[in-house]
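just need the structure, nothing else, for what follows:
(one chain, ligands or ions: 1)
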Amino acid sequence: MSRTLVLVRHGQSEWNLKNLFTGWRDPSLTEQGHAEAKAAGQRLKDAGLQFDIAYTSDLSRAQITCQHILDQLGQSDLQTIRNVALNERDYGDLSGLNKDDARAKWGEEQVHIWRRSYDVPPPGGESLRDTGARVWPYYLHTIQPHVLRGEKVLVAAHGNSLRALIMALEGLTSDEIIAQELNTGVPIVYELNADSTIASKKVLTA
Ligand SMILES: O=C(O)[C@H](O)COP(=O)(O)O
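Here you go, the predicted model:
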């Protein structure tokens, strides 16, 4: 029995392009972002994948990415569940600020800590640990049961909500997660064992 879980970060958003902290704000995809999402779908198609259910966040960039992927697979009408638990980390007071302007104001190191540390939240926002505290229970109770009964599951979400999920899934330490960067529109294909441990991981790069 195959137990397939695919995670994909949304395609480039308008605020990715403008280098703005986004978090729970809701910009759409750029032209490049639409193309990245379609290419992700094509790569999954080339890998011979078809899904039984899809999950995405409450934010447009992830939902549009999910739909592009399903369209490429000829599965436009697949049951797709949207849930706020999969939203990007809330960037709090940084939301809408330019990342370079933030570095000029607070320093390179402080901004890196806010962006990549495990447990230091940006002002008024969520740390990766806070994000994991909502993503992981949702995965465990709602998504994982589908995977373990042999369904193929797509999750289209965000850089940090997926980093939090990957950290728990792969058992990474708070030091190891710092170096994990997720590119936009690149599917990660996991096969799980019956006991929910990871049997294999494949990153479908261009
Ligand atoms: O919310 C954002 O700004 C991005 O989606 C991810 O940002 P990061 O690269 O700073 O984690």
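
OK, contacts around the one residue in the chain that gets nearest to the ligand?
Nearest residue of the chain to the ligand: residue 22, at 3.5 Å (C-beta to the nearest ligand atom). C-beta here means a position set from N, CA and C on the backbone, and glycine is covered the same way. Residue 22 makes contact with 13, 15, 16, 88, 91, 95 under the criterion C-beta atoms under 8 Å, 6 or more residues apart in numbering.

wait, doesn't residue 44 sit right on residue 187?
Yes - in terms of C-beta atoms under 8 Å, residue 44 counts as a neighbour of residue 187; the distance is 5.7 Å.

doesn't residue 191 belong to a strand?
Yes - under DSSP: H, G, I helix; E, B strand; the rest coil, residue 191 falls within a strand.

how many residues are close by it?
14 (other C-beta atoms under 10 Å).

my read: it touches residue 2, true?
Yes - in this structure, residue 191 is within contact of residue 2 by C-beta under 8 Å, at 6.3 Å.

ranges for the helices of the protein?
Using DSSP state H, the helices of the chain run over 14-17, 31-46, 60-72, 99-106, 108-116, 128-138, 144-148, 159-170.

now tabulate these in TSV and tack on mean neighbour count, mean pLDDT and distance to the ligand.
Formatted as TSV, the helices of the chain follow (neighbours: other C-beta atoms under 10 Å; pLDDT from 0 to 100; distance: least, C-beta to the nearest ligand atom, whole Å):
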stretch	mean neighbour count	mean pLDDT	distance to the ligand
helix 14-17	17	98	6
helix 31-46	19	98	11
helix 60-72	23	98	8
helix 99-106	14	98	7
helix 108-116	15	97	4
helix 128-138	19	98	9
helix 144-148	17	98	24
helix 159-170	22	98	4
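
figure out which of those is closest to residue 177.
Nearest to residue 177, of all these, is helix 159-170, at 4.5 Å by C-beta to C-beta.

next, the angle from the closest one to helix 128-138.
Relative orientation of helix 159-170 versus helix 128-138 (axes from the mean of the first three to the mean of the last three C-alpha atoms, to 10 degrees): 60 degrees.

helix 159-170 packs against which elements?
Other helices and strands packing on helix 159-170, by 3 or more C-beta pairs under 8 Å, 6 or more residues apart in numbering; DSSP states H and E, are strand 4-9, helix 128-138, strand 153-157, strand 198-203.

so what's the closest residue to residue 47 other than its chain neighbours up against?
Excluding its sequence neighbours, the residue lying closest to residue 47 (C-beta to C-beta, 6 or more residues apart in numbering) is residue 204, at 6.5 Å. Contact analysis of residue 204 by C-beta under 8 Å, 6+ apart lists 40, 43, 44, 47, 186, 187, 188, 189.

okay, residue 204: pLDDT?
Predicted confidence (pLDDT) at residue 204: the value is 98.

phi, psi of it?
phi -90, psi 80 (degrees, to the nearest 10).

now it: how far from residue 186?
7 Å (C-beta to C-beta, to the nearest Å).

what does stretch 166-185 rub up against?
7-12, 16, 33, 36-37, 39-40, 65, 116-119, 128, 132, 136, 139, 159, 162-163, 188, 190, 198, 201, 205.
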